[in-house]
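K.L.:
structure, please.
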Amino acid sequence: MAEMNLQIRMAAHPVGFPKSSDFEIGESSIPDIGEGEMLLKTLYLSVDPYMRGRMNTRKSYAAGVQIGEIMIGRTVSEVIASNDSDFAVGDIVWSSTGWQAYGVAQAKGVRKIDQALAPVSTALGILGMPGMTAYFGLLSVGQPKEGETVVVSAAAGAVGSLVGQIAKVKGCRAVGIAGSDEKVNYIVDELGFDGAFNYKTATDYKAELQRLCPDGVDVYFENVGGTITDAVFTRLNMYGRISVCGQISQYNLTEPEMGPRIMGGFISKRLRMQGFLVGDFSDRHEEGLVEMAGWLKEGRLKYREDIVEGLVNAPEAFIGMLQGDNIGKRLVKVG
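P.N.:
As a prediction, the model looks like this:
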């Protein structure tokens with residue numbers, strides 16, 4: 001029997017946290033390729049928080065996934081067949097072919113991976129979208145200065161764990177907020193953060209921040225939103241900066257969460273808050289890649305991969321990531 005293409009499609013728009021029943025597993029024939037196209041065999045699939053927003057019906061910065069469509073996702077793949085002279089069979093590439101074992105892509109959506117830099121899976125983590133998000137979101141948006149205090153939420157995740165380390169490379173004090181004692185110990189003991197607290201057991205976020213940031217907060221790298229952000233806001237210094245990367249605490253709410261009225265603080269403290277997408281810096285990707293790869297080689301950056309085996313387990317890997325099960329970058333090993 002000929003090999004089939006395993007695919008995972010969206011079966012329903014989630015209400016609250018996604019459920020296994022919001023996805024369906026199916027098969028199709030392995031597709032043929034046309035002129036200028038290549039057939040890619042998926043090796044690793046990335047699951048990321050942004051995917052949750054793409055499963056909604058409301059309008060966003062990018063088109064959502066429709067019921068019956070293959071779930072979106074960035075991948076590391078092997079070129080199996082190619083009708084493009086710039087790509088050869090056996091090349092390992094970064095692409096966005098989604099939750100399937102095989103996909104077809106054109107060159108404009110594919111980038112060769114330099115296998116000499118690090119394991120190929122890092123193209124979905126420290127040397128991929130999370131790494132570039134941390135690099136540009138902190139340095140270009142947050143603009144930390146040596147000696148300043150940088151606070152990052154979701155600090156043990158794929159992006160947050162790198163933000164704190166980049167802050168240390170730049171001579172800053174790095175403080176993390178994470179969701180378990182294991183995660184707190186990881187970012188402090190292994191990654192070199194100056195301090196951290198577990199938001200799930202802490203009873204007073206403001207007191208924890210005062211203890212860990214006695215001189216206030218100069219840069220806040222925002223991944224979470226909600227009451228954590230409310231608490232950090234009270235510790236921001238004059239001319240503080242907030243780099244808004246994500247709002248994961250809000251993604252699965254069925255009703256909007258009420259929050260404090262904080263705009264006056266922007267006036268009195270001359271604060272600056274900016275949201276961003278990593279694609280805003282696509283023309284500077286090579287700059288970020290070279291810098292991050294250099295720091296990795298020098299041992300100034302560390303990373304952890306949380307790998308789930310099997311494409312059929314992608315839905316559970318994704319749901320677990322949204323619930324904070326992972327430490328570091330969560331990946332699905334497909335091929």
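K.L.:
okay, the residue most central in space within the chain and residue 239: tell me how far apart.
P.N.:
With distances taken as CA atoms, centre = their mean, the chain has residue 130 as the residue nearest its mean C-alpha position (4.4 Å). Plainly put, residue 130 is 28 Å away from residue 239 if you go by CB to CB, to the nearest Å. Quick note: C-beta positions are derived from backbone N, CA and C, even for glycine.
K.L.:
before we move on, back to that, touching, the residue nearest to the centre of the chain and residue 160? I think so.
P.N.:
No: counting by CB atoms under 8 Å, residue 130 does not reach residue 160; the two are 9.2 Å apart.
K.L.:
quick one, what contacts residue 70?
P.N.:
Contact partners of residue 70, counting by CB atoms under 8 Å, 6 or more residues apart in numbering, are 7-9, 98-100.
K.L.:
cool, and residue 101?
P.N.:
With CB under 8 Å, 6+ apart, residue 101 has these contacts: 5-7, 41-42, 311, 334-335.
K.L.:
neighbours of the closest residue to it other than its chain neighbours, how many?
P.N.:
Leaving aside its chain neighbours, residue 101 sits nearest to residue 6 (4.5 Å; criterion: CB to CB, 6 or more residues apart in numbering). By other CB atoms under 10 Å, the residues close to residue 6 number 18.
K.L.:
give me the contact list for the host helix or strand of residue 6.
P.N.:
Using DSSP states H and E, residue 6 falls within strand 4-10. Applying CB under 8 Å, 6+ apart, the set of residues contacting strand 4-10 from outside is 22-31, 55, 65-71, 99-102, 311-312, 314-315.
K.L.:
one more time with 6 Å
P.N.:
Residues outside strand 4-10 that contact it (CB atoms under 6 Å, 6 or more residues apart in numbering) are 23-28, 30, 65, 67-68, 70-71, 99-102, 311, 314.
K.L.:
one more: stretch 188-199?
P.N.:
By CB under 6 Å, 6+ apart, stretch 188-199 touches 164-165, 168, 173-178, 181, 184, 187, 208, 212, 228, 302.
K.L.:
can you select the buried ones from those in PyMOL?
P.N.:
Selection of buried members from the contacts of stretch 188-199 for PyMOL, criterion 16 or more other CB atoms under 10 Å:
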select buried, resi 164+165+168+173+174+175+176+177+178+184+187+208+212+228+302
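K.L.:
of the contacts of stretch 188-199, closest to residue 321?
P.N.:
residue 178 (14.3 Å; CB to CB).
K.L.:
quick one: that closest one and residue 156 touch, right?
P.N.:
Yes: counting by CB atoms under 6 Å, residue 178 touches residue 156, with 4.5 Å between them.
K.L.:
residue contacts, the nearest residue to residue 74 once chain neighbours are set aside?
P.N.:
Of all residues not flanking residue 74 in the chain, residue 46 sits nearest, at 4.6 Å (CB to CB, 6+ apart). Going by CB under 6 Å, 6+ apart, residue 46 touches 73-74, 124.
K.L.:
reformat these as a markdown table; add neighbour count.
P.N.:
Shown next, in a markdown table, are the contacts of residue 46 (neighbours: other CB atoms under 10 Å):
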| residue | neighbour count |
| --- | --- |
| 73 | 23 |
| 74 | 19 |
| 124 | 29 |
